[in-house]
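>>> Sequence first, predicted model second:
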Protein chains: 2
Amino acid sequence: MKARIIVTLKNGVLDPQGKAIEHALGQLGFGGIGDVRQGKYFEVTLSEQDPAKARAQLEDACKKLFANTVIENYAIELDV
Amino acid sequence: MKARIIVTLKNGVLDPQGKAIEHALGQLGFGGIGDVRQGKYFEVTLSEQDPAKARAQLEDACKKLFANTVIENYAIELDV
């Protein structure tokens, strides 16, 4: 089973990388694109076939490895 | 208008970061999660209100800044 994990900074957490991209966009003439926030994206393959168990496993992995839950949110999308 | 951009490595391009995560997952006891590929994720806000024009603008920005199209693919999702 395949899954996607998206990790984003929580609201209010500063995102200097996003700001740098915003600045670069402005210099390239894309003034209409603003408010850039950068996150992380992971594609994983699971041996677990049961969606509920797979999700539980990924939740656990997100908390322990993929995301820093103090400053980041995570979203899990399963390909069922 | 809000949009999400997902940039992923093309098939066949080595992903040492993904391999390192896979290894770490194994050591944490998540042996069932494998084949990890890491990508990038961006949330942007556009002043453009027309979806077709917004998408064209983002396509252009992806080619020029967000993705290295030699080794990366990009996907654009508009919140309409």
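Sure thing, it's come through.

>>> The residue of chain A positioned farthest from its centre: what secondary structure?
No residue in chain A sits farther from the centre than residue A:29, which is 27.0 Å out by C-alpha atoms, centre = their mean. Secondary structure, DSSP: H, G, I helix; E, B strand; the rest coil: residue A:29 is coil.

>>> Quick one: low-confidence residue ranges for chain A.
Scanning chain A with the threshold set as pLDDT under 70 gives no residue ranges.

>>> if we can go back for a sec, how close does the residue farthest from the centre of chain A get to chain B?
Per C-beta to the nearest C-beta, to the nearest Å, residue A:29 is found 9 Å from chain B. All C-beta spots, glycine's among them, are computed from the backbone N, C-alpha and C.

>>> Equivalent analysis for residue A:53, please.
The separation that residue A:53 has from chain B, given C-beta to the nearest C-beta, amounts to 9 Å.

>>> Ok, residue A:26 next?
Distance from residue A:26 to chain B, counting by C-beta to the nearest C-beta: 11 Å.

>>> distance between the longest strand along chain A and the chain's centre?
Secondary structure of chain A per DSSP state E: the longest strand is strand A:33-46. Taking C-alpha atoms, centre = their mean, to the nearest Å, the mean C-alpha location of strand A:33-46 is offset from the chain mean by 4 Å.

>>> how about it against chain B, any contact?
Yes. Applying C-beta under 8 Å from any C-beta of the partner chain, one finds strand A:33-46 in contact with chain B at A:33-46.

>>> Likewise for stretch A:68-79?
No. Judged by C-beta under 8 Å from any C-beta, stretch A:68-79 makes no contact with chain B; its nearest approach is 9.9 Å.
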